[in-house]
Structure formats: structure tokens, C-alpha cells
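*Asks:* sequence unavailable; structure follows:
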């Protein structure tokens with residue numbers, strides 16, 4: 001274990017939930033409402049905070065791709081109204 005690694009034991013609740021201890025949340029900046037990424041890596045579960053700038057970057061990339069194929073002179077509200085008719 002390196003200097004930066006901390007190992008704590010937690011009990012899994014009846015619904016499969018665990019509580020991340022305060023020390024861990026503070027160390028990585030996880031607050032109530034924060035998004036996290038859960039990954040399986042070599043039979044271990046890794047939980048990492050999602051940085052807001054990464055979310056914004058992803059949304060912008062998706063918007064750019066959608067914008068390429070979006071009908072000209074048609075906004076999203078008009079499109080939804082059209083589909084509901």
C-alpha cells in the first residue's frame with residue numbers, strides 16, 4: 001500500500017449499499033449530490049468522483065454531433081410539437 005492509499009472496512013447493507021466514510025469523501029471531494037463513476041477493474045470495484053468539467057465536455061461533444069444532423073430552421077420545441085401531432 002502506498003502513502004496515498006487508505007484502506008477502511010465497511011459493511012454492505014441489506015439493499016447492497018455502502019456508506020463512504022467522511023475521510024474518504026473529503027479526500028476526493030465527494031459531496032452530497034456528487035456524481036461518481038463505478039468501475040470493475042481486475043475483480044475490484046473502483047469508485048471515482050466525476051469532475052464537472054468532464055461532464056460539460058461530454059455534453060458539448062454530444063450537442064455538436066446532434067447539431068450536425070439537426071434539421072435546419074427547426075428548434076427543439078418545434079420538433080417536439082411536431083412529433084406530438
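*Replies:* Alright, I've got the coordinates. What you are looking at is a predicted structure, and each value in this text was computed from that prediction instead of being measured. Numbers count the residues shown, from 1 in each chain.
*Asks:* top helix in the protein by residue count?
*Replies:* Longest helix in the chain, counting residues (DSSP state H): helix 52-69.
*Asks:* please identify the buried residues of that helix?
*Replies:* Across helix 52-69, burial judged by 16 or more other CB atoms under 10 Å covers no residue at all. Using the backbone N, CA and C atoms, a C-beta is placed for each residue, glycine as well.
*Asks:* now it: how far from the chain's centre is it?
*Replies:* Here helix 52-69 is found 15 Å from its chain centre; the criterion is CA atoms, centre = their mean, to the nearest Å.
*Asks:* what of stretch 71-80?
*Replies:* 29 Å.
*Asks:* then stretch 45-58?
*Replies:* That offset, for stretch 45-58, works out to 5 Å (CA atoms, centre = their mean).
*Asks:* who's in contact with that stretch?
*Replies:* Identification of contacts with stretch 45-58 by CB atoms under 8 Å, 6 or more residues apart in numbering yields 20, 28-30, 34-40.
*Asks:* using a markdown table, lay out those residues together with neighbour count.
*Replies:* What follows is those, written out as a markdown table (neighbours: other CB atoms under 10 Å):
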| residue | neighbour count |
| --- | --- |
| 20 | 13 |
| 28 | 12 |
| 29 | 9 |
| 30 | 18 |
| 34 | 13 |
| 35 | 11 |
| 36 | 13 |
| 37 | 10 |
| 38 | 8 |
| 39 | 10 |
| 40 | 8 |
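*Asks:* and the residues you listed, which two are the farthest apart?
*Replies:* 29 and 40 (22.8 Å; CB to CB).
*Asks:* could you verify that residue 77 is part of a strand?
*Replies:* No: the assignment for residue 77 (DSSP: H, G, I helix; E, B strand; the rest coil) gives helix, which keeps it out of a strand.
*Asks:* tell me the contacts of it?
*Replies:* Not one residue lies near residue 77 by CB under 8 Å, 6+ apart.
*Asks:* please report how far it lies from residue 65.
*Replies:* 20 Å (CB to CB, to the nearest Å).
*Asks:* just residue 8 next, same as before
*Replies:* Relative to residue 65, and taking CB to CB, residue 8 is found at 41 Å.
*Asks:* now the contacts of stretch 45-58 in JSON lines, with pLDDT, secondary structure and distance to residue 54?
*Replies:* Output for the contacts of stretch 45-58, formatted as JSON lines (pLDDT from 0 to 100; DSSP: H, G, I helix; E, B strand; the rest coil; distance: CB to CB, whole Å):
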{"residue": "20", "pLDDT": "92", "secondary structure": "coil", "distance to residue 54": "20"}
{"residue": "28", "pLDDT": "89", "secondary structure": "helix", "distance to residue 54": "14"}
{"residue": "29", "pLDDT": "89", "secondary structure": "coil", "distance to residue 54": "13"}
{"residue": "30", "pLDDT": "92", "secondary structure": "coil", "distance to residue 54": "15"}
{"residue": "34", "pLDDT": "89", "secondary structure": "coil", "distance to residue 54": "13"}
{"residue": "35", "pLDDT": "88", "secondary structure": "coil", "distance to residue 54": "10"}
{"residue": "36", "pLDDT": "91", "secondary structure": "strand", "distance to residue 54": "12"}
{"residue": "37", "pLDDT": "90", "secondary structure": "strand", "distance to residue 54": "9"}
{"residue": "38", "pLDDT": "93", "secondary structure": "strand", "distance to residue 54": "15"}
{"residue": "39", "pLDDT": "95", "secondary structure": "strand", "distance to residue 54": "14"}
{"residue": "40", "pLDDT": "96", "secondary structure": "strand", "distance to residue 54": "20"}
